[in-house]
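Participant: Make a model of this:
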Amino acid sequence: MESTALTRAEVIGVIETLLDVIPDELSRGNIVSLGEFGSFKVGIKTEGIDAEIDFTTNNILKTKVKFVPGVEFKEKIATFKFEKITDK
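Facilitator: Numbering: from 1, shown residues only. From the prediction side, this is the model:
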């Protein structure tokens, strides 16, 4: 594990702040970008309708947060190696 100049308490503080800020920004319809780490955005699943004018928030069936990793993150994930684990 790599070290940081931040203390454990400072890191926890940053994470707690992100837990407040990210949902707040997503609720405003914003995409939250964390640079090379990636970005968060909200996706929705809706019920089909015949005319746009008939659409209401009641047609929204499900919401979920989507994470899109940054380029460097994707590259590191692509190097993962997997092996089958068998019970002995």
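Participant: Point out where the protein drops to low pLDDT.
Facilitator: 1-2 (pLDDT under 70).
Participant: Closest to the centroid, which residue in it?
Facilitator: What sits nearest the mean C-alpha location of the chain, by C-alpha atoms, centre = their mean, is residue 67, with 3.1 Å.
Participant: does that residue count as helix, strand or coil?
Facilitator: Here residue 67 is recorded as strand under DSSP: H, G, I helix; E, B strand; the rest coil.
Participant: which stretches of the protein form helices?
Facilitator: Assigned by DSSP state H, the chain shows helices spanning 8-27, 71-78.
Participant: JSON lines for those, including distance to residue 44 and mean neighbour count?
Facilitator: Backbone N, C-alpha and C define where each C-beta goes, glycine included. What follows is those, written out as JSON lines (distance: least, C-beta to C-beta, whole Å; neighbours: other C-beta atoms under 10 Å):
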{"stretch": "helix 8-27", "distance to residue 44": "11", "mean neighbour count": "11"}
{"stretch": "helix 71-78", "distance to residue 44": "24", "mean neighbour count": "10"}
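Participant: Tell me which of these sits nearest to residue 54.
Facilitator: helix 8-27 (24.6 Å; C-beta to C-beta).
Participant: Show the end-to-end separation of stretch 61-76, please.
Facilitator: Stretch 61-76 stretches 34 Å from its first residue to its last (C-alpha to C-alpha, to the nearest Å).
Participant: what's the offset of that stretch from the middle of its chain?
Facilitator: 5 Å (C-alpha atoms, centre = their mean, to the nearest Å).
Participant: and if you look at stretch 47-59?
Facilitator: Using C-alpha atoms, centre = their mean, the offset of stretch 47-59 from its chain centre is 27 Å.
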